[in-house]
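**Student:** with the input below, show me the fold.
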Amino acid sequence: MAKRGGTPGLVRRRRAEGEALYWSADSLSTRAADYPERWIALPRGATAAEIADLCETYAARLAAWLDRGLRPRFLYDGTIGSLCDAFERHPQSPICDVRPNTADSYRDSLKVIRATVAKRAVRALAPIDVKAWYARWRAPREDGAPERVKRAHDAVAALRMILRFGQAMGYEECGKLAEGLKAIQFERSKPRQAEMTIDHARAFIAAALGLERQPRGLYMAIGVAAQFETMLRQKDVIGEWRADAAGRESWLGSFTWENIPGGILRLTTSKTNSAGVYDLTRLDLLWPLLQRAPQAERRGAIVKGELGAPIRERSYRKWFRQIARRAGVPDSVWAMDARAGAVTEALEAGADLTAVQRAATHSSPAMTARYDRANEEAVVTVAEARKKARNR
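**Tutor:** Okay, the predicted model is just below:
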């Protein structure tokens, strides 16, 4: 890319009101035809040093664009929608550094943002505008439905993220808006209180085994029983699919047939990297289900999806809801609630809190207590006991 002294890309034009200064990408490279900011008017009254600084800045952006070989759809043109595109597709974006399921959650929020405010120009926005968007995003889907607080909070969190990324790319208006949003608090959804009880788990397993489409039902029954019995996280039970830079997918997981010799499962958990050993033969819900699996299919991932491949998270959630409804399990109960239900059942059965903490691979007893859905009932019990004491 050609440079011209200390003011690369500077172009002068005679106008009726005097000389006008511009920065031109075309004057620096013959490959700038698709560059979105090919011609930029420089401010009148700027000093020579300011003009030189602007020209160097714009030329550096052009050079970086040429080096990356990005296409226009990857680039930021000043709108929220293009900022979403840049965040999702730029090779240096934070979305490239997170796990696939986390990246999918980011994309879900980007869909909300694109569908509502994609055409808004960042430089024309104030933090108060985002507050109005939050109210719009949390509105019920239909009359009588609950507000979608989590949807709105996640969308605002994603907006903050893409604005910080825009700032990292050198766009000052993105940083200015991100800084302004620090002064505004957005309500987040309350911690979940739903739990999967043993009755829910049994009903789900019965409904799953009654499906005509086997072995889908068997593998879903195994997945839920494994979560409920072992207190493992969903990811530790179904594993995860990952894609490399070339888009080639591979599955990673430890809940495999090869990893349960003699019915003993050994694994390192996904979140806390805690080592766990589980004797599956002692688990009344899970072990009989494992014995139902055909011998020919006892290899690789235990919880399988279509065509015998390891199940994908979206399929697992979708099939869970379908079977749960057949079983009469409320929609408020999610697959992930099996873990909370297991903690609650253990504590109600009199298990030591520290032992439950270790079994659930929590980092602290306080974390285990958060998963104990019996806390609310305990508060009521204590209150009633205090009332009785007062009346003696």
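
**Student:** can you list the weak-confidence ranges in this protein?
**Tutor:** Applying pLDDT under 70 to the chain flags the ranges 1-5, 68-74, 191-192, 213, 244-247, 352-392.

**Student:** domain-wise, how is it divided?
**Tutor:** 10-69, 73-181, 198-379 (automatic domain parsing).

**Student:** export these to TSV and tack on distance to Ser189 and mean neighbour count?
**Tutor:** Any C-beta I mention is one placed from the backbone N, CA and C, and that applies to glycine too. TSV is the format used below for these (distance: least, C-beta to C-beta, whole Å; neighbours: other C-beta atoms under 10 Å):
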stretch	distance to Ser189	mean neighbour count
domain 10-69	38	14
domain 73-181	4	16
domain 198-379	13	17
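
**Student:** figure out which of the ones you listed is closest to Arg188.
**Tutor:** Closest of the domains of the chain to Arg188 is domain 73-181, at 4.4 Å (criterion: C-beta to C-beta).

**Student:** off-centre distance for the closest one?
**Tutor:** 13 Å (C-alpha atoms, centre = their mean, to the nearest Å).

**Student:** all numbers from here: first residue = 17
**Tutor:** I'll keep to 17 as the first residue from here, and by that count the last item is domain 89-197.

**Student:** hang on, the earlier thing: can you tell which of the domains of the chain is closest to Lys206?
**Tutor:** Lys206 lies closest, by C-beta to C-beta, to one member of these: domain 89-197, at 8.0 Å.

**Student:** do a quick rundown of the helices in the stretch 267-408 of the chain.
**Tutor:** Assigned helices in the stretch 267-408 of the chain, in chain order: 302-308, 329-343, 353-364, 369-375, 381-387, 391-406 (criterion: DSSP state H, counting those that start in this stretch).

**Student:** which residues touch the closest residue to Gln243 other than its chain neighbours?
**Tutor:** Among residues not flanking Gln243 along the chain, Ala354 sits closest, at 3.8 Å (C-beta to C-beta, 6 or more residues apart in numbering). Contacts were defined as C-beta atoms under 8 Å, 6 or more residues apart in numbering; by that measure Ala354 touches Met212, Ala217, Val240, Gln243, Phe244.

**Student:** now swap in Gly94 and tell me
**Tutor:** Ala137, Val138, Arg139, Glu189 are the contacts of Gly94 under C-beta under 8 Å, 6+ apart.

**Student:** check Val240 too.
**Tutor:** Met212, Ala217, Phe220, Ile221, Ala224, Phe336, Ala351, Ala354.

**Student:** could you dump the residues you listed to JSON lines with distance to Arg29?
**Tutor:** Shown next, in JSON lines, are those (distance: C-beta to C-beta, whole Å):
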{"residue": "Met212", "distance to Arg29": "70"}
{"residue": "Ala217", "distance to Arg29": "75"}
{"residue": "Phe220", "distance to Arg29": "73"}
{"residue": "Ile221", "distance to Arg29": "76"}
{"residue": "Ala224", "distance to Arg29": "73"}
{"residue": "Phe336", "distance to Arg29": "65"}
{"residue": "Ala351", "distance to Arg29": "64"}
{"residue": "Ala354", "distance to Arg29": "69"}
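
**Student:** closest to Cys71 among these?
**Tutor:** Ala351 (56.6 Å).
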